[in-house]
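Chemist: No sequence on hand, only this structure:
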């Protein structure tokens, strides 16, 4: 399984911003979708946002207009890793959760990050 390394979580007041990032530990050329999920205490893990290699982006309704997903897919022309970011603005207490990145690859099992905590409170 490809290892994903996340960073960027933390504590922020309502209305604040955070930026999460997630990168593969090795250069894999077969990624086709990179996504973010989150899990709040006592709740199921839920989809937040995704970006495909073609550039299509999908968002959970409650984060539309506040979150922005972006990504860089590894290619044969440079040494970049697969990296996905989640810019989160206008954060609300209900955004508090453990955020996981997810990447799907052709010919390999999907991978999950270790999770990074986002806490929104005053």
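Modeler: Ah, there it is. From a predicted model like this one, the values you see are computed outputs, not experimental measurements.
Chemist: Am I right that residue 81 falls within a helix?
Modeler: No. Applying DSSP: H, G, I helix; E, B strand; the rest coil, one finds residue 81 to be coil, outside a helix.
Chemist: Counting neighbours, what do you get for it?
Modeler: 17 (other CB atoms under 10 Å). To be clear about C-beta, it is placed using only N, CA and C from the backbone, and glycine gets the same treatment.
Chemist: thinking it is in contact with residue 73, fair?
Modeler: No. Look at residue 81 against residue 73 with CB atoms under 8 Å: they stay out of range, at 9.6 Å.
Chemist: Counting neighbours, which bits of stretch 93-104 end up buried?
Modeler: Using 16 or more other CB atoms under 10 Å as the test for burial, stretch 93-104 gives 95, 96, 97, 98, 99, 100, 101, 102, 103, 104.
Chemist: Now render these as TSV, adding pLDDT.
Modeler: Output for the buried residues of stretch 93-104, formatted as TSV (pLDDT from 0 to 100):
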residue	pLDDT
95	98
96	98
97	98
98	98
99	98
100	98
101	98
102	98
103	97
104	96
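Chemist: quick check, nearest of the residues you listed to residue 33?
Modeler: residue 104 (4.5 Å; CB to CB).
Chemist: What pLDDT is listed against residue 33?
Modeler: Residue 33 carries a pLDDT value of 97.
Chemist: thought it was touching residue 111?
Modeler: No. When contacts are counted by CB under 8 Å, residue 33 is not listed as touching residue 111 (11.4 Å).
Chemist: what ranges do the strands span in the protein?
Modeler: In the chain, the strands defined using DSSP state E lie at 4-7, 10-12, 18-24, 31-39, 46-52, 57-59, 67-72, 83-88, 97-105, 111-112, 116-120.
Chemist: which one of those strands is the most hemmed in?
Modeler: Mean neighbour count (mean count of other CB atoms under 10 Å) peaks for strand 83-88 among those, with a mean of 23.
Chemist: No further questions, thank you.
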